[in-house]
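# The following block contains a protein sequence and its predicted model.
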Amino acid sequence: MVVAGNLLVGCVADDFTGATDVANIFARAGLKTTVLIGVPEDDRDIDADVIVVALKTRTTPPQMAVEQSLVALRWLRGRGAQKYYFKYCSTFDSTAKGNIGPVADAMLAELGQSITIACPAFPANGRTVYKGNLFVGDVPLDESGMRNHPLTPMIDANLLRVLGPQSRAEITGCYYETVRQGASAIAEWAATICGDGTRIVVVDALADEDLVEIAQAFKDFVLFTGASGLAYGLARVLLVGGNSRDAAVTTDLDEGYRAVVSGSCSVATNGQVEAMLADHEGFRVDVSKLAGGGDVVGEAVEWASSRLGRKPVLIYATAPPDEVKENQRQLGVAQSGEMVEAALSSIARRLVEKGVSELIVAGGETSGAVVKSLGVDQLSIGNEIAPGVPWVHAKSQGRPLSLALKSGNFGERDFFMDAWDRLR
Ligand SMILES: Nc1ncnc2c1ncn2[C@@H]1O[C@H](COP(=O)(O)OP(=O)(O)O)[C@@H](O)[C@H]1O
Ligand SMILES: O=C(O)[C@@H](O)C(=O)COP(=O)(O)O
């Protein structure tokens, strides 16, 4: 029997790093938050203010993303959530066909709503939106490393132009001249466009305070869509009235072996891998060899086995853009991505079987593949390592496992070395 309790927010996340990112924000705000890996097949008891269902739908065909998202949404609806939240990437990662637009459209229809907002701003990580244009640090999205993303290259910073062709809704911008005047002005502006067809409002935001005003202005909306910055605002609005619980707990953990598995090819992760290799041993997954049928997984596991201990080992497919493009040219985009994900997830699973119990995984798609292969079905939120990246705790084959699922673009250069200090 599932206990609904007082479920404030039911969240569907389109990838696993994003799921732990948004769960971390809700948890840090004082809301009791759990992450489920997909919709549970059993009838477990869940006592939470926020449930985040982690999916791997960012790069699937749109129809599949819609179907899986609706299954999750219906499950959350069955728990009587007050608000629903579709979490996608703060760099608005999508393919030409979706999946932000199709999933948002389908969720609106399922909930019987005609309006929502799209708000990927995440100021704590330098993602801001101005006049509908997404900035990453000081540059527009299309001038950032996201230009070269292996699966979702982002070549236009204007979110109205990106979302328009993906969605059946009318896309409208709520610009900063309105947002900076605060919640009442935003709500007044919204009143002028409500009731006029189905709409998605792309909202500008430059700072966390803007996100609180935005959440306040749209507090009667049923569906919110965005990155995790919006959760910062929404949590603060929902907490008024005293729903606050204890902040996330830090677990008493046994010491186990440590490893880093990296499949992200972002600028940040390339730097983090380089920094770790200066002082740690690493095994590079050779994609050509893998494609040629070589037992790269076996070699990696054998290499790691004699080195496992408290000093973390690094297994990585992470490569610079020209190398990734060459692999994609030879093998195909989806095929090379899936092949590397399959190899890294097999390696991770076998390392866990050999006693690794503290594992950092870099990359959203990579994390999805790894976590699924570990048979993990629920994550509790632990300490924050960097903005958007918490330690999370789970059971894999009955044994405790601590994971950090690092979004490609997050974390400082020394993340792979410093993260362990934040575990306990
Ligand atoms: N050397 C490589 N060549 C081609 N593709 C790669 C290579 N290394 C990793 N990949 C693939 O690139 C994709 C990276 O995506 P992801 O894990 O989501 O990282 P990020 O979080 O940076 O977006 C994955 O599908 C991964 O398998
Ligand atoms: O919102 C974000 O930036 C992250 O939570 C996220 O979703 C990142 O995705 P990946 O870079 O693919 O890990």
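Ah, there it is. It should be emphasised that the depicted structure is a prediction, and the values quoted were computed from it without experimental measurement. Numbering: from 1, shown residues only. Ligands and ions are numbered 1, 2, ... in the order given.
# Tell me which residues touch the residue in the stretch 101-250 of the chain that ligand 1 sits nearest to, please.
Taking CB to the nearest ligand atom, ligand 1 has its nearest neighbour within the stretch 101-250 of the chain at P150, 3.7 Å off. For glycine as for every other residue, the C-beta is placed from the backbone atoms N, C-alpha and C. Under the criterion of CB atoms under 8 Å, 6 or more residues apart in numbering, the contact partners of P150 comprise C265, V324, Q328, V333, S336, G337.
# Indicate the residue of the stretch 301-424 of the chain located nearest to ligand 1.
For the stretch 301-424 of the chain, CB to the nearest ligand atom, closest residue to ligand 1: G408, 2.0 Å.
# Against R58, how distant is that residue?
12 Å (CB to CB, to the nearest Å).
# who has more neighbours, those two?
Between G408 and R58, counted using other CB atoms under 10 Å, the more crowded position is G408 (30 against 25).
# quick one on the thing from earlier: can you list residues touching both of G408 and R58?
Common neighbours of G408 and R58, using CB under 8 Å, 6+ apart, are G364.
# burial of the nearest residue to D15 once chain neighbours are set aside, as a residue count?
Nearest residue to D15, sequence neighbours excluded (CB to CB, 6 or more residues apart in numbering): G364, at 3.9 Å. G364 has 31 neighbouring residues, counting by other CB under 10 Å.
# and what of M64?
Each residue near M64 was counted by other CB under 10 Å, and the total is 12.
# T57 is in contact with that one, correct?
Yes - in this structure, M64 is within contact of T57 by CB atoms under 8 Å, at 7.0 Å.
# Around ligand 2, which positions in this structure sit nearby?
15, 17-18, 21, 89-91, 122, 227-228, 363-364, 388, 407-409 (CB under 6 Å from any ligand atom).
# at 5 Å what do you get?
T17, G18, D21, C89, S90, A227, G364, S407, G408 (CB under 5 Å from any ligand atom).
# check contacts around the third one.
To tie it back to what came earlier, the one meant is D21. Taking CB under 8 Å, 6+ apart, we find D21 in contact with K87, A227, S228, G388, V389, P390, S407, F410.
# Helix or strand for it, just tell me which one.
Counting by DSSP states H and E, the element that carries D21 is helix 16-28.
# Can you name the element that comes right after that helix?
For helix 16-28, the succeeding helix or strand toward the C-terminus, using DSSP H and E, is strand 33-37.
# Please name every helix or strand in contact with that following strand.
Counting contacts by 3 or more CB pairs under 8 Å, 6 or more residues apart in numbering; DSSP states H and E, the secondary-structure elements packed against strand 33-37 are helix 16-28, strand 50-54, strand 378-386.
# Okay, now the sheet partners of it, with direction.
Partner strands and pairing direction for strand 33-37 (DSSP bridges) are strand 50-54 (parallel), strand 378-386 (antiparallel).
# With respect to burial, which of the ones you listed scores highest?
For the strands paired with strand 33-37, the stretch with the most neighbours on average is strand 50-54, a mean of 28; neighbours defined as mean count of other CB atoms under 10 Å.
# For the next helix or strand after it, what is the distance to the chain centroid?
Scanning forward in sequence from strand 50-54, with DSSP H and E defining helices and strands, the next element found is helix 62-78. Once both centres are worked out by CA atoms, centre = their mean, to the nearest Å, helix 62-78 turns out to sit 17 Å from its chain's centre.
# and the angle from helix 62-78 to strand 33-37?
Using axes from the mean of the first three to the mean of the last three CA atoms, to 10 degrees, one finds that helix 62-78 and strand 33-37 are set 140 degrees apart in direction.
# Okay, and A106 sits in which element?
Taking DSSP H and E as the definition, A106 sits inside helix 100-111.
# Next, see if the helix holding D21 gets close to ligand 1.
No - with CB under 5 Å from any ligand atom as the threshold, helix 16-28 lies outside contact range of ligand 1, at a closest distance of 6.1 Å.
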